[in-house]
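Visitor: Pasted the sequence and its predicted model underneath.
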Amino acid sequence: MLKYIIKRLTVGVVTLFLLATITFFLMHVIPGSPFAGETTKLPVKVLERLYEKYGLDKPLSEQYIMYMKNAVRGDFGVSIYRKGKSITKIISNGLPYTARLGLVSVCFALVTGIFLGTVAAFTKRKWLSNFVLILATAGVSMPGFLLSVLLLLLFGVVLQWLPFVGLESPLHYILPAVGMAFAPISMIARLVRSSLREVMKQDYMILARSKGTPEKLVIWRHGLKNAMLPVITYAGPMIATLLTGSFVIESLYSIPGIGAEFVTSITNRDYTMIMALTILYGSFIIIANIITDILNAVIDPRIKLGK
Amino acid sequence: MSLLDVKNLCVDFNTDQGTVHAVRDISFTVGESESVGIVGESGSGKSVSMYAVMGLLASNGAIRGGSISYGGEEITETAFANHKAYEARMSRLRGNEMSMIFQDPMTFLNPVLKIGSQITEVIRNHNKVSDAEARARAITLMGQVGIPSPERRLNQYPHEFSGGMRQRIIIAIALANHPRLVIADEPTTALDVTIQAQVLDVIKEMKEKLSSSVIMITHDLGVVASFCDRIIIMYGGKIVETGSAREIFYEPKHPYTAGLLKCVHNPEKKEKLTPIAGSPPDLLMPPAGCPFVDRCPDAMKICKLKMPEMEQYSKTHQSACWLSEAARRKGEQHG
């Protein structure tokens, strides 16, 4: 097991390195520069000084080597757009907000998704099962920002039941977390419903009943583990995505997280920020995938790690 | 008194195409320590009737009529106050008093649970025993059904076992609590020919040891010949003939039984095997008359119109065919 984890982490580091390399060159291919967006056109002399300051005057290959050397040492440089602020500082200031909201959203998504999926799979009331299906379809097809705006208007502005600025109290988490978790809930509910129904049809469920095991225990002992496999496979990357936040939701609810940076850093050509966020998101995904694979192997003994 | 008494059992399945009348008014009994073979081709209703007895029908299937009694106790769902009461009673019986050996060892064991826990589950369901005791019993059982080094294999998963070994595990689960009634649903069909005989021997040996009643569902007359006291022949959801093994093999009354016997390979006689031409009736719209009429070499006009009554030939031998009736009438005319 340990050997497997080390192996996967090594592969992960190589993947991250490739990801960083590709991103580095790609973002320099995008036309424009960090200073092209300034409202007043800067004199050529000033521009030259700025380029020199951030090392942008050097050949691209040299910039790349320099960046990588620093990055390996944990130095991700300073933001070009937010004059002089260190990237590490910006991220370590914002990530806690984003991650906390992300964690709440993950728990909410898993609990609600699995609950709704189970209800839909077992209910004898047709309308209830259909209701969950409609909800799930809506969740997958309705854009997150639309739902978030609607939620904010209804519960925040019109009814004034819930606060919607910042993340000061537990109540503040409700609206943004619902917005974040809605699409994942739909996916999980559909997955759980179909995989539970599939599992219920399996022969080993009949054998379990033939032992005199009560139906609830048959489902709990024999069904759930099998039914969770596809859910785990989906949940891994979903958790990584939720933990890194959302541009729309963080802007909408004035959350000082890093979700917004993913979009703004690109429009601002904030090279160092783009790089740092790509590496951060990349590591989240890689770790989530490793955990997913390990969990799958723990649940299903037929899956052999490392083969 | 018989151990199992099934009267006028009817089982229907709701499907997208309509209602399938899988079992249509069958009655039979199984005595204490008796071995009964139920023979018929796929779709004849033999497995379905046994799943109905165990209360293990798929969710789209239901008993539409008749009654099942076990050891004198009525265990048809309609005899209980509600589904919950029925399930509560049946879960006391299943795996304890009556149990089932299933057809496909590759799919009937749970792939994500250890073999040991799958065996101890049935022990612990019906006995107040400690973990260690349940494990010890499971190890003994595994040894009894012929699994080498059971202490080690207890901790393995189904995919680490061969088909024959898995079937032995399923047998061990079925026999763990010494049930009085064991239903074996084509227990050798999914196995290699060489393994079939071994698995059959295990069942036979255990049956003798526990003196349980066994219902052996199969489409292989060779299997029942060596195993069963009495044979029930099913076709199109009905029982067409029943008798002692001797009577079925040497004096078959129903043309379907006779046809089946022609499909058995006998190495001593150099006869050609003759398959029964045609295919079984569509049970979405079961025929009004004898279900075998379209394939019967001796079909008459009346066969299509009316289902013949069961006719008694001896204390044990019964058959439902118009031929005997016709033959008797002829005899009366001549006499």
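Guide: Received it, and whenever you're ready, just let me know what you need. For clarity, every value in this text was computed on a predicted model and none was experimentally measured.
Visitor: From chain B, how far out is residue A:299?
Guide: As judged by C-beta to the nearest C-beta, to the nearest Å, residue A:299 and chain B stand 6 Å apart. C-beta: built from backbone N, CA, C; applies to glycine.
Visitor: nearest spatial neighbour of that residue, skipping sequence neighbours?
Guide: Excluding its sequence neighbours, the residue lying closest to residue A:299 (C-beta to C-beta, 6 or more residues apart in numbering or on different chains) is residue A:225, at 5.6 Å.
Visitor: Quote the end-to-end distance of stretch A:51-59.
Guide: This stretch, stretch A:51-59, spans 12 Å end to end (C-alpha to C-alpha, to the nearest Å).
Visitor: ok, and what's touching that stretch?
Guide: A:33, A:34, A:48, A:50, A:63, A:66, A:80, A:271 (C-beta atoms under 8 Å, 6 or more residues apart in numbering or on different chains).
Visitor: any idea which helix or strand carries the residue nearest to residue A:299?
Guide: Using DSSP states H and E, residue A:225 sits within helix A:224-243.
Visitor: circling back to that earlier point, verify the stated contact: the residue nearest to residue A:299 with residue A:301.
Guide: No. In this structure, residue A:225 is not within contact of residue A:301 by C-beta atoms under 8 Å, at 10.6 Å.
Visitor: list the residues that contact both of the two?
Guide: Shared contacts of residue A:225 and residue A:301, defined by C-beta under 8 Å, 6+ apart, are found at residue B:112.
Visitor: Just list the residues touching residue A:254, thanks.
Guide: A:165, A:166 are the contacts of residue A:254 under C-beta under 8 Å, 6+ apart.
Visitor: ok, 10 Å please
Guide: Listed by C-beta atoms under 10 Å, 6 or more residues apart in numbering or on different chains, the contact set of residue A:254 reads A:164, A:165, A:166, A:167, A:176.
Visitor: Make TSV from these and add pLDDT to it.
Guide: As requested, these are exported to TSV (pLDDT from 0 to 100):
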residue	pLDDT
A:164	73
A:165	75
A:166	72
A:167	75
A:176	85
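Visitor: of those residues, buried ones?
Guide: A:164, A:167, A:176 (16 or more other C-beta atoms under 10 Å in any protein chain shown).
Visitor: Distance to residue A:55 for the residues you listed - can I get that in a markdown table?
Guide: As requested, the buried ones among the contacts of residue A:254 are exported to a markdown table (distance: C-beta to C-beta, whole Å):
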| residue | distance to residue A:55 |
| --- | --- |
| A:164 | 42 |
| A:167 | 36 |
| A:176 | 38 |
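Visitor: can you map out the strands along the stretch 201-335 of chain B?
Guide: B:213-218, B:230-235, B:238-244, B:311-312, B:318-319 (DSSP state E, counting those that start in this stretch).
Visitor: Check the stretch 51-200 of chain B too.
Guide: Under DSSP E, counting those that start in this stretch, the stretch 51-200 of chain B gives strands at B:61-70, B:73-74, B:98-101, B:181-185.
Visitor: of all the strands of the stretch 201-335 of chain B, which lies closest to residue A:191?
Guide: The closest of these to residue A:191 is strand B:213-218. By C-beta to C-beta, the value is 36.9 Å.
Visitor: The closest one packs against which elements?
Guide: Helices and strands touching strand B:213-218, as assessed by 3 or more C-beta pairs under 10 Å, 6 or more residues apart in numbering or on different chains; DSSP states H and E, comprise strand B:18-30, strand B:35-39, helix B:46-54, strand B:98-101, strand B:181-185, helix B:193-210, helix B:221-227, strand B:230-235.
Visitor: Make sure residue A:263 is indeed in a strand.
Guide: No. Residue A:263 sits outside any strand when classified using DSSP: H, G, I helix; E, B strand; the rest coil, being helix.
Visitor: For the residue nearest to the spatial centre of chain B, give its distance to chain A.
Guide: Nearest to the geometric centre of chain B sits residue B:217, at 3.1 Å (C-alpha atoms, centre = their mean). According to C-beta to the nearest C-beta, residue B:217 and chain A sit 14 Å apart.
Visitor: Look up which residues are beta-bridged to that residue.
Guide: Beta bridges link residue B:217 to residue B:38, residue B:185, judged by DSSP bridges.
Visitor: near chain A, which residues of the stretch 151-300 of chain B show up?
Guide: B:156, B:157, B:158, B:159, B:160, B:170, B:173, B:174, B:176, B:177, B:183 (C-beta under 10 Å from any C-beta of the partner chain).
Visitor: picking up where we left off before, minimum distance to residue A:73: which of the strands of the stretch 51-200 of chain B has it?
Guide: Here strand B:98-101 is closest among the strands of the stretch 51-200 of chain B (C-beta to C-beta), at 66.3 Å.
Visitor: touching chain A at all, the closest one?
Guide: Yes. Against chain A, strand B:98-101 shows contacts by C-beta under 10 Å from any C-beta at B:98, B:99, B:100, B:101.
Visitor: Most neighbours of all those, which one?
Guide: residue B:100 (30 neighbours; other C-beta atoms under 10 Å in any protein chain shown).
Visitor: which residues touch that residue?
Guide: A:206-207, A:209-211, B:50-51, B:53-54, B:56, B:94, B:108, B:170, B:173-174, B:179, B:181-185, B:187, B:215, B:217.
Visitor: list the buried ones in stretch B:53-68?
Guide: B:53, B:54, B:55, B:56, B:57, B:61, B:63, B:64, B:66, B:67, B:68.
Visitor: check these against chain A, which are close?
Guide: Contacts with chain A within these, counted by C-beta under 10 Å from any C-beta: B:54, B:55, B:56, B:57.
Visitor: Output those as CSV; include the columns distance to residue A:256 and pLDDT.
Guide: Below are those laid out as CSV (distance: C-beta to C-beta, whole Å; pLDDT from 0 to 100):
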residue, distance to residue A:256, pLDDT
B:54, 63, 94
B:55, 61, 93
B:56, 59, 93
B:57, 60, 92
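Visitor: and the two most separated of these?
Guide: Top of the distance list for these (C-beta to C-beta): B:54 and B:57, 8.5 Å.
Visitor: Find residues that contact each of these two.
Guide: residue A:206.
Visitor: Is residue B:12 in a helix, a strand, or coil?
Guide: strand.
Visitor: any chance of the strands of the stretch 201-335 of chain B in CSV, with mean pLDDT too?
Guide: Shown next, in CSV, are the strands of the stretch 201-335 of chain B (pLDDT from 0 to 100):
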stretch, mean pLDDT
strand B:213-218, 93
strand B:230-235, 94
strand B:238-244, 93
strand B:311-312, 88
strand B:318-319, 91
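Visitor: These: which one's closest to residue B:286?
Guide: Taking C-beta to C-beta, strand B:238-244 is the member of those nearest to residue B:286, at 8.7 Å.
Visitor: Which positions within that closest one qualify as buried?
Guide: B:238, B:239, B:240, B:241, B:242, B:243, B:244.
Visitor: Stretch B:119-139 now?
Guide: Neighbour-count burial for stretch B:119-139 flags B:119-126, B:134-135, B:137-139 (criterion: 16+ other C-beta under 10 Å).
Visitor: Many thanks, we can stop here.
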